[in-house]
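Participant: My questions concern the predicted model and sequence given below.
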Amino acid sequence: MLKQFKEFAFKGNLIDMAVGIIIGGAFTVLVKSLVDNVFMPPLGALMAQVDFKNLTWILVEADAEAGTKAVVISYGQFITDLISFMLMAFVVFIVIKKVIGAMHKEEVKEEETPEEPPKQEVLLAEIRDLLKKQ
């Protein structure tokens, strides 16, 4: 059983997948930072100095006497997360498109290389050509 686990754990595909997950996590942090620190501040400045993370809709006010917290919908955070998702989806789309394009080019190259006809066909073609000349 230990041998089977070693074979499973150290297969190339599993290691490749682990590397992909780690890089994907780091990429997610990068995109979130890009959206939070680069895209949202100018967008907020264009909209009368609005900080999107603070945009909320209060459903129920907080009551200090009763000890209840306010019930709010944080739609500003949703807008920020939506932009992050759209940017991430766009980047993944571009990467997948490039990978598929590269794979397609390799397939076309393989198809373009003409195979030599069998020796029998070459010999028959030569005989045909000689007969035409006579």
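Facilitator: Looks like it arrived, so ask away. Numbering: from 1, shown residues only.

Participant: Can you list phi and psi of I22 for me?
Facilitator: phi -60, psi -50 (degrees, to the nearest 10).

Participant: Please tell me how far it sits from A9.
Facilitator: 16 Å (CB to CB, to the nearest Å). In short, each C-beta sits where N, CA and C put it, glycine included.

Participant: Could you do R128 as well?
Facilitator: Relative to A9, R128 is positioned 62 Å away (CB to CB).

Participant: Name the next helix or strand downstream of the longest helix belonging to the chain, please.
Facilitator: For the chain, the longest helix by residue count, based on DSSP state H, is helix 75-112. Following helix 75-112 in sequence order, the next helix or strand is helix 119-133 (DSSP states H and E).

Participant: Just the buried residues of that following helix, please?
Facilitator: Going by neighbour count (16 or more other CB atoms under 10 Å), nothing in helix 119-133 comes out as buried.

Participant: can you give me how far the longest helix of the chain is from the chain middle?
Facilitator: 5 Å (CA atoms, centre = their mean, to the nearest Å).
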